[in-house]
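In: This is the structure alone, sequence omitted:
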Ligand SMILES: [Zn+2]
C-alpha cells in the first residue's frame, strides 16, 4: 500500500500535470483492441475494471530506451510511465502513446 503511494508520487512529480487516475470497464478496454498493452483488472460494483495499463513494448525495452539519447523530455516521461504502468487508462492516451517515438524503436 505505502509503496504504491510513493510510486504514484514519483510519477506525478516527473510529469507536469497532476493526473488523476482513470479506469474503464474491461469490456470497453477490450473493444479498443490494443494488444500492445498489458492491463490489471479489479472488481468494482460488480464490474471488471481496468485500473492500470502498460505498454508491453516499452516495458520490454525500457533499459535500452533509458540509454537512448534520441528520446528526451516529454517522450521519455511518456515511455517511462507506460513501461512501469499508468493508472490513467484511456483510449486517447494509449493511442497517442502508440503514435509517439516508441514506434521507431520496434
Ligand atoms: Zn510503448
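Out: Nice, thanks for sending it over. Since the structure is predicted, the reported quantities are computational estimates derived from the model, not experimental observations.

In: The helix or strand harbouring residue 58 near the ion anywhere?
Out: If you go by DSSP states H and E, residue 58 is part of helix 56-66. Yes. For helix 56-66, a contact with the ion is found by CB under 5 Å from the ion, at 57-58. For the C-beta atoms, the positions are set from N, CA and C on the backbone; glycine is no exception.

In: Tell me which helix or strand comes right after that helix.
Out: Sequence-wise, the next helix or strand downstream of helix 56-66 (DSSP H and E) is helix 73-84.

In: does the helix or strand following that next one come close to the ion?
Out: Towards the C-terminus, the helix or strand next in line after helix 73-84, according to DSSP H and E, is helix 91-99. No. Helix 91-99 is not in contact with the ion by CB under 5 Å from the ion; minimum separation 5.6 Å.

In: buried residues in helix 91-99?
Out: Buried positions in helix 91-99, judged by neighbour count with 16 or more other CB atoms under 10 Å: 93-94, 97.

In: Quick one: name the residues of the protein near the ion.
Out: Within reach of the ion by CB under 5 Å from the ion, the chain has these residues: 55, 57-58, 82, 102.

In: The same query, at a cut-off of 6 Å, please.
Out: Listed as neighbours of the ion in the chain under the rule CB under 6 Å from the ion: 55, 57-58, 82, 97, 102.
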